[in-house]
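Asker: The sequence and its predicted three-dimensional model are supplied below.
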Number of protein chains: 2
Amino acid sequence: MTLHFTGPEFERRRQRLLAVMAEQRLDGLLMFQQESMYWLTGYDTFGFCFFQSLWLGADGRLALLTRSADLRQAQHTSLIEDIRVWTDRADATPQQQLRAMVAELGGTGGRIGVEYESYGLTAANGKRLDAAFDGVATLIDASQMVDRLRAVKSPAEILYARQAGKLALAAREAALATVAPGVDEGEVLAAMQGAIFRGGGDYPANEFIIGSGTDALLCRYKSGRRVLGEDDQLTLEWAGAFRHYHAAMMETVVIGPPRDRHLELFAAAKQALEACAHVMVPGRTAGEVFAAHAHVMDGHGLSSHRLAACGYSLGAKFTPSWMDPPMFYAGNPWVLEAGMVLFAHMILMDSDTGTAMCLGRTYLVGVNGNECLTPAPLDLIVN
Amino acid sequence: MTLHFTGPEFERRRQRLLAVMAEQRLDGLLMFQQESMYWLTGYDTFGFCFFQSLWLGADGRLALLTRSADLRQAQHTSLIEDIRVWTDRADATPQQQLRAMVAELGGTGGRIGVEYESYGLTAANGKRLDAAFDGVATLIDASQMVDRLRAVKSPAEILYARQAGKLALAAREAALATVAPGVDEGEVLAAMQGAIFRGGGDYPANEFIIGSGTDALLCRYKSGRRVLGEDDQLTLEWAGAFRHYHAAMMETVVIGPPRDRHLELFAAAKQALEACAHVMVPGRTAGEVFAAHAHVMDGHGLSSHRLAACGYSLGAKFTPSWMDPPMFYAGNPWVLEAGMVLFAHMILMDSDTGTAMCLGRTYLVGVNGNECLTPAPLDLIVN
């Protein structure tokens, strides 16, 4: 057992979850999100790429069904004691095995919550799950139940988020020390990711975004590196990750003299980020953060160059993405609370002139206002 | 458009897929696997973390429905011309939008194949998809249709697999130059991943596995690094990735004098890997490769220390895992063919004595026999 949190911390989480399950009159919960399993028990793996499920009964009992490759992984990383294994065969029926396990633990006959919204439960396996439990229990969609609890961080989690912020800043420093005309993007990526690994950090839940030239207008990773030119732009989006907790940042670095359009877009991005930061306080909604962003961008005449979302919650996430709910999009009613860690990204991509400008920081919501966990000057970076 | 393959190459793939669709009497295919989209069009993103789908009609027409953050990504990386966007809102119904798109392209009224087995289609979104198409078309599970085509590589793909093999060897060299008592595992990880990024390679589809001491017995990544001791063992599983094509390797490095148990387990692992390599030829099955592994291991009395699978196909994969079908497990009837790239891993974990020993290499199946794409001596590595 290599646990990154204390027993009492995990016990508080379990009690919070049991309380919400009781409110929803659930006899048990079948978890498929790796994030939920890590939060509740410490179980740390990418084994969710195959069918596996963690059961929590209303009686507080935990049991995991997984594959043989993850038996020791669960033993070494989690507090789960009841670990069962299903075996790969052409006619394997792990969903039936899961039903038998739940029945043995007294969980059938009632209402069972299921994390249907999960990379760990593909649509194909969801159908098999429904078939296996048909007539045996009523399955209820409980997808955001743990997400809601995870969104508000404990003091112990905030320590890791702060460490992630430091790693994000270290990666930024490594990048800025490397970027220059004639340098391959791969060198920049190696420097950034190396700083994080050397600092004890983790792989990010999604690839860092790195793109220059016209590909500076992209906000996803893609294969194929490029050498930076004398007169260039480089968009970077990255996260420090520590104990899987993320703190993200985003910048567009200008190489050579900035174009007027870079300066215009940067002014708007900075103003919009400051407007968002003003709204990321307890009692305001995720939708209001988006509205603050849209108001500034649209005031600058940039409505067709911005995205339809401008950030999201961060936490202990696994692949394929470090994005956690709530997301900042129009009308999202999710109310912000103290203890939330939020990433606001101002992304401006002007395809007409081929100009990119991005700016993003991570904030910890406090009782009053917020604190930037990735503090770096909000200045246009010119190399 | 930054395409890593030629137009005729993509056209051959499309024709192969259309032929299989015709055999299955499908009027169209809704793809949700990022691997399928990349293979068919070059579309390169981790945007599959949200709902998106690529349509291929029996008439050969392609159309993508995705989010605004992936609009330019699809334009810059793929040959898809018809790209449509759905917008995040509390009441967003992208599945309805997908049905409308398919109807407009003349795809409703008949039989539509769906990749239900996909990280890009969660069980929750699968239910919404079924509801949206209810009464409009018959949805058929076509999950492994593209997987089967992808499993056999073209000459252009094999060039990338070879490059991935070179990057895997470069990472191995970087690791062995770094490993020593007193060195932090994070330094080893930084050296390995750095060698791959500097060589123009990609993030792997899952984290490299790195564990020492008792955690050398794990075969998944986990958070938390450790400093190597004077008398230690370090299990590494990694892949070179180039244009997302993977070539994997696995080793357990012994630090200090090897225990007798290391030597015993290494002898079995080497013999088992050679036995598997003998079977990885056209006409044999994935199940036969597993049987060769199990026969050697069990002959050494190691049946309780091995896993229930010993390898899998490799290709252009996205997170959360680089494992592609077919997998080497008992009885898998999938017949091997020339052009397949296969990773065989011999994993021995003896919990009683706390000893780990792993050995893995990637092979290209030829018309006769196979060729190792990650050639390194099959000797026990002692630091």
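Answerer: Yep, it's here.
Asker: And the pLDDT at the closest residue to residue A:92 other than its chain neighbours?
Answerer: Leaving aside its chain neighbours, residue A:92 sits nearest to residue A:86 (6.3 Å; criterion: C-beta to C-beta, 6 or more residues apart in numbering or on different chains). To be clear about C-beta, it is placed using only N, CA and C from the backbone, and glycine gets the same treatment. In this prediction, residue A:86 carries a pLDDT score of 94.
Asker: how about residue A:86, what does it touch?
Answerer: Contacts of residue A:86 were listed using C-beta atoms under 8 Å, 6 or more residues apart in numbering or on different chains, and they are A:51, A:65-67, A:92, A:94, A:97.
Asker: Could you do residue A:130 as well?
Answerer: Taking C-beta under 8 Å, 6+ apart as the test, what residue A:130 contacts is residue A:139.
Asker: Could you check which helix or strand contains it?
Answerer: In this assignment (DSSP states H and E), residue A:130 forms part of helix A:123-133.
Asker: Return the distance of that helix from the chain's centre.
Answerer: 26 Å (C-alpha atoms, centre = their mean, to the nearest Å).
Asker: got it, and stretch A:105-125?
Answerer: Distance of stretch A:105-125 from the chain centroid (C-alpha atoms, centre = their mean) equals 22 Å.
Asker: Give me the buried stretch members for it, please.
Answerer: Within stretch A:105-125, the residues that count as buried by 16 or more other C-beta atoms under 10 Å in any protein chain shown are A:105, A:107-108, A:111-125.
Asker: Cross those residues against helices and list the overlap.
Answerer: Cross-referencing those against helices under DSSP state H gives A:123-125.
Asker: any low-confidence regions in chain A?
Answerer: Along chain A, segments meeting pLDDT under 70 span A:1-2.
Asker: tell me, what residue is most central in it?
Answerer: Chain A has residue A:322 as the residue nearest its centroid, 2.6 Å off, counting by C-alpha atoms, centre = their mean.
Asker: Identify the residues contacting residue A:124.
Answerer: B:116-118, B:126, B:141, B:143.
Asker: ok, so of those residues, who is nearest chain A?
Answerer: Taking C-beta to the nearest C-beta as the measure, chain A lies nearest residue B:126 of the contacts of residue A:124, at 2.5 Å.
Asker: That closest one: neighbour count?
Answerer: Using other C-beta atoms under 10 Å in any protein chain shown, the number of residues around residue B:126 comes to 24.
Asker: Without its sequence neighbours, what residue ends up closest to it?
Answerer: residue A:123 (2.5 Å).
Asker: Please apply the same query to residue A:196.
Answerer: What sits nearest to residue A:196 in space, not counting adjacent residues and going by C-beta to C-beta, 6+ apart, is residue A:167, at 4.9 Å.
Asker: for residue A:230, same thing?
Answerer: The nearest residue in space to residue A:230 (C-beta to C-beta, 6+ apart) is residue A:181, at 4.6 Å.
Asker: since we're on that neighbour, how many residues are nearby?
Answerer: Applying the criterion other C-beta under 10 Å, we find 13 residues in the vicinity of residue A:181.
Asker: who are the neighbours in contact with residue A:111?
Answerer: Residue A:111 sits next to A:24-27, A:137-138, A:140 when contact means C-beta under 8 Å, 6+ apart.
Asker: Inside strands: which ones of those residues?
Answerer: When the contacts of residue A:111 are checked against strands using DSSP state E, the ones located there are A:138, A:140.
Asker: domain assignment for chain A?
Answerer: A:7-149, A:152-382 (automatic domain parsing).
Asker: And the longest one, end to end?
Answerer: Between the opening and closing residues of domain A:152-382 there is a gap of 37 Å (C-alpha to C-alpha, to the nearest Å).
Asker: cool, stretch A:248-263 as well?
Answerer: Per C-alpha to C-alpha, stretch A:248-263 runs 23 Å from first to last residue.
Asker: ok, residue A:198 - contacts?
Answerer: Residue A:198 makes contact with B:184, B:186-187, B:190 under the criterion C-beta under 8 Å, 6+ apart.
Asker: One more pass at 10 Å, please.
Answerer: Remark: with contacts taken as C-beta atoms under 10 Å, 6 or more residues apart in numbering or on different chains, residue A:198 is in contact with A:167, A:170, A:174, B:184, B:186-187, B:189-191, B:225.
Asker: got it, and residue A:254?
Answerer: Taking C-beta under 10 Å, 6+ apart as the definition of contact, the neighbours of residue A:254 are A:216, A:231-234, A:262-263, A:266, A:355-357, A:380-383.
Asker: Restricted to buried residues, select the residues you listed in ChimeraX.
Answerer: Those of those that count as buried under 16+ other C-beta under 10 Å are selected in ChimeraX with:
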select /A:216,232,233,234,262,266,355,356,357,380,381
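Asker: what's the spacing between the residue nearest to residue B:126 and residue B:33?
Answerer: Look at residue A:123 and residue B:33: by C-beta to C-beta, to the nearest Å, they are 11 Å apart.
Asker: Next, show the common contact partners of those two.
Answerer: Contact criterion C-beta under 10 Å, 6+ apart; residues shared by residue A:123 and residue B:33: B:115, B:117-118, B:120-121, B:143.
Asker: out of the residues you listed, who's near chain A?
Answerer: Restricting these to those within reach of chain A (C-beta under 10 Å from any C-beta of the partner chain) leaves B:115, B:117-118, B:120-121, B:143.
Asker: which two from those residues end up farthest apart in space?
Answerer: Across these, no pair lies farther apart than B:120 and B:143, at 11.6 Å, counting by C-beta to C-beta.
Asker: So for these two, which residues contact both of them?
Answerer: Taking C-beta under 10 Å, 6+ apart as the contact criterion, the residues that touch both residue B:120 and residue B:143 are A:122-123, B:32-33, B:36.
Asker: Reformat those residues as JSON lines; add distance to residue B:195.
Answerer: As requested, the shared contacts of residue B:120 and residue B:143 are exported to JSON lines (distance: C-beta to C-beta, whole Å):
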{"residue": "A:122", "distance to residue B:195": "34"}
{"residue": "A:123", "distance to residue B:195": "38"}
{"residue": "B:32", "distance to residue B:195": "33"}
{"residue": "B:33", "distance to residue B:195": "29"}
{"residue": "B:36", "distance to residue B:195": "30"}
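Asker: Just the closest of those to residue B:239, please.
Answerer: Within the shared contacts of residue B:120 and residue B:143, the smallest distance to residue B:239 is 18.9 Å, found for residue B:33 (C-beta to C-beta).
Asker: can you map out the strands along the stretch 101-250 of chain A?
Answerer: Secondary structure of the stretch 101-250 of chain A (DSSP state E, counting those that start in this stretch): strands located at A:111-114, A:138-141, A:209-212, A:232-242, A:245-255.
Asker: With distance to residue A:272 added, can I get those in a markdown table?
Answerer: Compiled in a markdown table, the strands of the stretch 101-250 of chain A are given as follows (distance: least, C-beta to C-beta, whole Å):
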| stretch | distance to residue A:272 |
| --- | --- |
| strand A:111-114 | 38 |
| strand A:138-141 | 35 |
| strand A:209-212 | 19 |
| strand A:232-242 | 16 |
| strand A:245-255 | 13 |
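Asker: picking that back up, between the contacts of residue A:86, which is closest to residue B:252?
Answerer: residue A:67 (20.7 Å).
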